[in-house]
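**Student:** Quick one, structure for this:
(one chain, ligands or ions: 1)
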Amino acid sequence: MTQEQWGQLKQELLKTIGKNNYANWIEPLELSDVSEGVATFSVPTSFLGNYVSQNFGDLILYQMNRVAPEIRRVKFSAASMSGKPSANHSANEPASPSQDTPAAVATAEKPSAFDTRLNTAPLDARFTFDTFVVGKPNELAHAAAKRVAEGGPVTFNPLFLYGGVGLGKTHLMHAISWELKSRRPDINVLYLSAEQFMYRFVQALRDRKMMDFKELFRSVDVLMVDDVQFIAGKDSTQEEFFHTFNALVDHNKQIIISGDRAPGEIANLEDRIKSRLQCGLVVDLHPTDYELRLGILQSKSEQFAKTYPGLQLADGVLEFLAHRISSNVRVLEGALTRLFAFASLVGHEITLELTQDCLADVLRASERKVSVEEIQRQVADHYNIRLSDMIGPKRLRAFARPRQVAMYLCKQMTSRSLPEIGRRFGGRDHTTVMHGVKRIDELQVQDAQISEDLEILRRTLES
Ligand SMILES: Nc1ncnc2c1ncn2[C@@H]1O[C@H](COP(=O)(O)OP(=O)(O)OP(=O)(O)O)[C@@H](O)[C@H]1O
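**Tutor:** Residues are numbered from 1 along each chain as shown. Alright, predicted model coming up:
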């Protein structure tokens, strides 16, 4: 197992356990040695080693075995790779006790993993309903998740949550799980990613423990499977998933599934599974809008204020970020974390200027590239006129005003020069464009309708 192979394998792990778990638990691992069938990882603390070993140890071993079948064990050692002492140990101290994850050979002597418990990814303690900010784009998904989390009679089965990257699917699933566990500690809730399902299934096949596997999955009261698109194209796993699904539904057990798109749109997913997934309630998490982003930023900055007491946040900073970072919530959160950490380091109030400095790269990356054509199309739509009339020579006010609005937006939202914009508007001169831009600049303060139009158009174009 080379460092390069480990690097590739980490990417697999990222897909399996999600970005949050990955960043917390896998990223800090350093592969320090592979010899005599044992892969040793250096970890910064024995706590981390312990945790990774318990929760991800066999997953790591399984993944490693795909490229290096000779590895029988993975070991997590709190001594650093370079031989330097770790934070907790002096150079002369022996390395802290490492935590070994037994390989298939060793597990054979132990009680089967299926007899004890499932080694699934742990729930993130921060992902609760309390910390989930609700807005228009996610209110339906939130309401459905809340309903399921009440643990009452099963009304829709399955609940299928879908949406783009970083929009809160995993957060909602963990929240359901936390809530169910606190309301009904007696019931058996199982949360896992679709890849973990596959991994368990493959392991059961390999260890000839299919009966245990089936029993275990059929004994849960609530089954949650995250990122179901992963099993697309994996025939035997799909087959097993289908049977598990049916057995649970037959016994009126709640199932909650998430995916990156609607069931019908997942390529290479068997039709019978698609149709089962569509049987219950299918709800999607829409891309965030400005208000939701602002709400999330406000809620997160209140939490940060507790970590960094005394740190001042200037007015307008959150609004600026909500306006400028329109990608997913993960990016938004990351930006805020960085901003607070940076400001506390330099001991400075978080001003707009500091924000622009500190987050220059994030802001640049999330600059939405809007084209002149897009703007023209949207504006024509908005004013209900034909595109050709807007671009063409007619001077009627009904066309001239929208034309000026479109020119203004092109100047604001693209990097095109005035002559270039002029060319795209039927070969007009750059002074005409300049005049139009100036006129709209004036009008947006005097005319409430124009300023509202601009706001709507900007938002549509940015989303
Ligand atoms: N409405 C929300 N309120 C508060 N935090 C949110 C909200 N939506 C997303 N987040 C946060 O954004 C981050 C990404 O969310 P999550 O991991 O649930 O996304 P996901 O939809 O599962 O993405 P992926 O498809 O990448 O797995 C998490 O830290 C989560 O807490």
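
**Student:** so who does whichever residue of the stretch 101-250 of the chain sits closest to the ligand touch?
**Tutor:** Residue nearest to the ligand within the stretch 101-250 of the chain (Cβ to the nearest ligand atom): Gly168, separated by 2.9 Å. Using the backbone N, CA and C atoms, a C-beta is placed for each residue, glycine as well. Each residue near Gly168 by Cβ atoms under 8 Å, 6 or more residues apart in numbering is listed here: 132, 138, 141, 285, 329.

**Student:** mind checking how far it is from Ile176?
**Tutor:** 12 Å (Cβ to Cβ, to the nearest Å).

**Student:** The residue lying closest to Leu29 once chain neighbours are set aside: what secondary structure?
**Tutor:** Residue nearest to Leu29 in three dimensions, not counting chain neighbours: Phe41, with 4.6 Å by Cβ to Cβ, 6 or more residues apart in numbering. Recorded secondary structure, Phe41: strand (DSSP: H, G, I helix; E, B strand; the rest coil).

**Student:** Confirm for me that Phe41 is in contact with Pro28.
**Tutor:** No: here Phe41 lies out of contact with Pro28, judged by Cβ atoms under 8 Å, at a distance of 9.3 Å.

**Student:** Which one of those two is surrounded by more residues?
**Tutor:** Phe41 (24 against 15; other Cβ atoms under 10 Å).

**Student:** Around the closest residue to Glu70 other than its chain neighbours, how many other residues sit close by?
**Tutor:** By the measure of Cβ to Cβ, 6+ apart, the closest residue to Glu70 outside its immediate chain neighbours is Gly37, 5.6 Å from it. Gly37 sits with 13 neighbouring residues when counted by other Cβ under 10 Å.

**Student:** which residue is nearest the middle of this protein?
**Tutor:** Compute the mean C-alpha point of the chain, and by Cα atoms, centre = their mean the closest residue is Gly166, 2.3 Å away.

**Student:** Could you list which residues are in contact with the closest residue to that residue other than its chain neighbours?
**Tutor:** Closest residue in space to Gly166, ignoring its immediate chain neighbours: Asn328 at 3.1 Å, by Cβ to Cβ, 6+ apart. Contacts for Asn328 (Cβ under 8 Å, 6+ apart) come out as 164-167, 287-288.

**Student:** from the residues you listed, which two are the most distant?
**Tutor:** Val165 and Thr288 (11.8 Å; Cβ to Cβ).

**Student:** I'd say Thr307 and Phe340 touch.
**Tutor:** Yes: the criterion here is Cβ under 8 Å, and Thr307 meets it with Phe340 at 7.4 Å.

**Student:** out of the two, which sits in the busier spot?
**Tutor:** Using other Cβ under 10 Å as the criterion, Thr307 and Phe340 rank with Phe340 on top: 21 against 11.

**Student:** The more buried one - nearest residue in space that isn't next to it in sequence?
**Tutor:** The shortest distance from Phe340 to any non-neighbouring residue, by Cβ to Cβ, 6+ apart, is to Phe304 (4.5 Å).

**Student:** The one you found - how many residues pack around it?
**Tutor:** When counting by other Cβ under 10 Å, one arrives at 19 neighbours for Phe304.

**Student:** mind listing the strands for the protein?
**Tutor:** 30-35, 38-42, 73-77, 99-101, 159-163, 189-193, 222-226, 254-259, 281-285 (DSSP state E).

**Student:** Averaging pLDDT over each of those, report the lowest-scoring one.
**Tutor:** Ranked by mean pLDDT, the strands of the chain bottom out at strand 99-101, which scores a mean of 40.

**Student:** Need phi/psi at the residue of the stretch 101-250 of the chain closest to the ligand.
**Tutor:** Main-chain torsions, Gly168, degrees, to the nearest 10: phi 110, psi 10.

**Student:** before we move on, what about Leu311?
**Tutor:** Dihedral angles for Leu311 - degrees, to the nearest 10 - are phi -80, psi 120.

**Student:** Next, work out how far apart it and the ligand are.
**Tutor:** 21 Å (Cβ to the nearest ligand atom, to the nearest Å).

**Student:** Tell me if I'm right that that residue and Ala305 touch.
**Tutor:** Yes: applying Cβ under 8 Å, one finds Leu311 in contact with Ala305, separated by 6.9 Å.

**Student:** ok, now which ones touch His348?
**Tutor:** His348 makes contact with Leu354, according to Cβ under 8 Å, 6+ apart.

**Student:** Equivalent analysis for Tyr199, please.
**Tutor:** Tyr199 touches 16, 59, 62, counting by Cβ under 8 Å, 6+ apart.

**Student:** Filter the residues you listed down to just the ones in helices.
**Tutor:** If you go by DSSP state H, those have 16, 59, 62 in helices.

**Student:** Would you reformat those residues as CSV and include distance to the ligand and neighbour count?
**Tutor:** Shown next, in CSV, are these (distance: Cβ to the nearest ligand atom, whole Å; neighbours: other Cβ atoms under 10 Å):
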residue, distance to the ligand, neighbour count
Thr16, 11, 25
Leu59, 17, 26
Tyr62, 21, 19
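
**Student:** The residue lying closest to Val346 once chain neighbours are set aside - how many residues pack around it?
**Tutor:** Residue nearest to Val346 in three dimensions, not counting chain neighbours: Leu354, with 7.8 Å by Cβ to Cβ, 6+ apart. When counting by other Cβ under 10 Å, one arrives at 17 neighbours for Leu354.

**Student:** Ala204 now?
**Tutor:** Neighbours of Ala204 under the rule other Cβ under 10 Å: 21.

**Student:** More neighbours: Val165 and Thr288, which one.
**Tutor:** Thr288 (28 against 12).

**Student:** quick one: contacts for that one?
**Tutor:** With contacts defined as Cβ under 8 Å, 6+ apart, the neighbours of Thr288 are 135, 137, 167, 296, 326, 328-329, 332.
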